[in-house]
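> Output the structure for:
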Amino acid sequence: MKHPRTWAAVAAAGALALTTLAASPASASDDTDQDSGGLTTVVLNPELVPTLVNTLKVMPIAPGQLTAPGGAAQVSFPITRVKDGVISHAGGLRFTPVGGGTLAITRFDVNLNTGYLTANTRLNRTKVGRVNIFALGPVQPINGSAPACAGVPAGLTLTKDAANALGAPSFAGAFAGDACVVPATQTEDDD
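Numbering: from 1, shown residues only. Reported below is the predicted structural model:
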């Protein structure tokens, strides 16, 4: 999988982790404002992991984390705010594209109103802007079953715009992984 277009799929997998959080329309109350708490975790499609780690040299941008509990690669990002159907996150992912340079995606927003995960995007340190990275959809099996989720699960697929921006239009619709969005519990007494 050392094809130049493969890095786009890898980038999508990283973004997928963030997008999964957004795929939980029932998880976060759309009309509340919660300033912090919770975590979104994305279990990555194992077919993409070798390319992400060995070829694209994916690295988390703190406080994001890349781990492999039980051998399953996953990325996680703290939830910083839930407001009006938008779940915001801290951290991000940095990639080294096959042809060189850098790609950074940060400050993921899962927008329950539009069904997309968006991210601030920089290519070779030049701001591209906020890009729809993943479409939120149904969870897909990974290694034969859906990953366990104590929150709201969602499958992440790379958008056509993201695939085109990455120079890999054939990766549009590629499955990046399954996300689990777990916002902090908000009490009725919070004023």
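
> what about the helices in this protein?
Secondary structure of the chain (DSSP state H): helices located at 6-22, 49-50, 160-165.

> top strand in this structure by residue count?
strand 126-137 (DSSP state E).

> between the helices of the chain, which gets the lowest average pLDDT?
Mean pLDDT is lowest for helix 6-22 out of these, coming in at a mean of 35.

> Give the rounded mean pLDDT of stretch 127-147.
92.

> Between its first and last residues, how far does it reach?
Using C-alpha to C-alpha, to the nearest Å, the span of stretch 127-147 from its first residue to its last is 34 Å.

> now swap in stretch 79-97 and tell me
For stretch 79-97, the first-to-last residue distance is 27 Å (C-alpha to C-alpha).

> pLDDT on it, on average?
If you average the pLDDT over stretch 79-97, you get 91.

> can you pull the buried residues of that stretch?
When neighbours are counted by 16 or more other C-beta atoms under 10 Å, the buried residues of stretch 79-97 are found to be 79-82, 85-95, 97. Where you see a C-beta, it was placed from the backbone N, CA and C, and this is true even at glycine.

> so which of those would you say is closest to residue 57?
The nearest member of the buried residues of stretch 79-97 to residue 57, counting by C-beta to C-beta, is residue 95 at 7.0 Å.

> pretty sure that closest one is touching residue 101, no?
No - Residue 95 lies out of contact with residue 101 (C-beta atoms under 8 Å); the separation is 9.2 Å.

> Please tell me how far residue 44 sits from residue 184.
Taken as C-beta to C-beta, to the nearest Å, the spacing of residue 44 relative to residue 184 amounts to 24 Å.

> Neighbour count: the two, which is higher?
In this view residue 44 and residue 184 are compared by other C-beta atoms under 10 Å, and residue 44 has more residues nearby, 26 against 14.

> Dig out what the nearest residue to residue 151 once chain neighbours are set aside forms beta bridges with.
By the measure of C-beta to C-beta, 6 or more residues apart in numbering, the closest residue to residue 151 outside its immediate chain neighbours is residue 182, 3.3 Å from it. Using DSSP bridges, the bridge partners assigned to residue 182 are residue 39.
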